[in-house]
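Asker: my questions are about this predicted structure, shown below with the sequence.
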Amino acid sequence: MSTAPLLVFDFDGVLIDGMPEYWWSARRAAQRLDPSLVLPEQAPAAFVTLRPQIHKGWEMVLVAIAMTRPDFSLEAWLRNYHQALALELALVTASEEALQAALESVRDTALREDPAAWLALHRFFPGVERRLRQLSEEGVPWLVLTTKGGAYATRLLEAAGLEPQAVYGHERGSKPDVLLSLRNAERPLWFVEDRRPTLERVRSTPGLEPVRCFLALWGYLAPSDSDGLQSWAILPLDATRFAGPLADWA
């Protein structure tokens with residue numbers, strides 16, 4: 001087994017800051033499902049606040065729909081996100097699959113009709129493009145593992161001239177399942193993610209004990225996400241350390 005790690009990066013919140021696009025697409029998907037919905041053009045503060053809780057694309061659409069309700073309570077969603085999500089899902093006529101399909105339809109249309117405008121709704125976090133190019137120049141293999149559709153992540157990477165070893169989107173399965181499949185890479189696996197519940201799930205998955213897990217501190221974090229990381233064997237990774245030698249990450 002090679003001693004050089006295979007770096008596995010989450011996409012949204014680690015490599016890409018796509019907050020404008022998340023709302024742009026979620027808003028339009030919600031209105032496709034219900035044209036009567038009135039939603040602001042810019043992302044509401046509540047949507048931005050909830051972004052660290054959101055795991056999959058369909059959840060963004062459901063959150064947008066929920067925000068149109070007179071009794072919407074940000075506090076209730078922050079207190080128990082999964083319960084609020086389930087309650088809202090029970091109120092709408094669309095399934096998780098229909099919500100996801102609406103979101104991807106919006107993105108597909110945007111990429112077909114005005115790809116430049118859609119790409120412009122994203123930006124790489126400061127220093128990320130440079131560091132990824134350095135890794136490639138150094139011969140360090142890296143790939144992307146995301147809950148976004150793989151085609152969308154690939155399009156954004158291609159636009160920046162970046163070439164990961166692979167891109168695994170949500171259609172390839174859960175992140176723990178993909179990481180399990182990568183154990184045969186004959187390299188140590190290092191996984192960089194900004195969503196702490198995902199890292200905790202990886203840490204709790206049998207067979208993934210050797211994976212070194214990093215929490216990207218520049219991502220979409222809730223206020224307490226960086227607390228007590230040591231008890232989960234999760235390493236904090238700030239932008240300065242990310243930019244430095246791999247030997248300094250741990």
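Answerer: Perfect, thanks for sending it.
Asker: burial measure for Pro210, as a count.
Answerer: 8 (other C-beta atoms under 10 Å). For every residue, glycine as well, the C-beta is placed using N, CA and C.
Asker: my guess is it contacts Pro188. True?
Answerer: Yes - proximity of Pro210 to Pro188 meets the contact threshold set by C-beta atoms under 8 Å, at 7.0 Å.
Asker: residues contacting Ala29?
Answerer: By C-beta atoms under 8 Å, 6 or more residues apart in numbering, the contact list for Ala29 reads 60-61, 64, 99, 102-103, 105-106.
Asker: mind running it again at 10 Å?
Answerer: If a contact means C-beta atoms under 10 Å, 6 or more residues apart in numbering, then Ala29 has 57-58, 60-62, 64-65, 94, 98-107 as its contacts.
Asker: now do Val8
Answerer: Neighbours of Val8 in contact, by C-beta under 10 Å, 6+ apart: 141-145, 164-166, 168, 175, 178-179, 182, 185, 189-193, 211-214.
Asker: pull up the pairing partners for the helix or strand encompassing it, direction included.
Answerer: Following DSSP states H and E, one finds Val8 within strand 6-9. When pairing is defined by DSSP bridges, strand 6-9 lines up against strand 142-145 (parallel), strand 189-193 (parallel).
Asker: pull the distance from the last one to the chain's centre.
Answerer: If I follow you right, that is strand 189-193. 13 Å (C-alpha atoms, centre = their mean, to the nearest Å).
Asker: what about Met19, neighbour count?
Answerer: Neighbour tally, Met19, other C-beta under 10 Å: 18.
Asker: I'd assumed Ala45 was in contact with it.
Answerer: No - with contacts counted by C-beta atoms under 10 Å, Met19 stays clear of Ala45, the gap being 11.5 Å.
Asker: after the longest helix seen in the chain, next one along is what?
Answerer: The longest helix of the chain (DSSP state H) is helix 96-113. The element immediately downstream of helix 96-113 (helix or strand, assigned by DSSP H and E) is helix 115-119.
Asker: which elements pack onto that next one?
Answerer: Using 3 or more C-beta pairs under 10 Å, 6 or more residues apart in numbering; DSSP states H and E, the elements in contact with helix 115-119 are helix 19-33, helix 96-113, helix 150-159.
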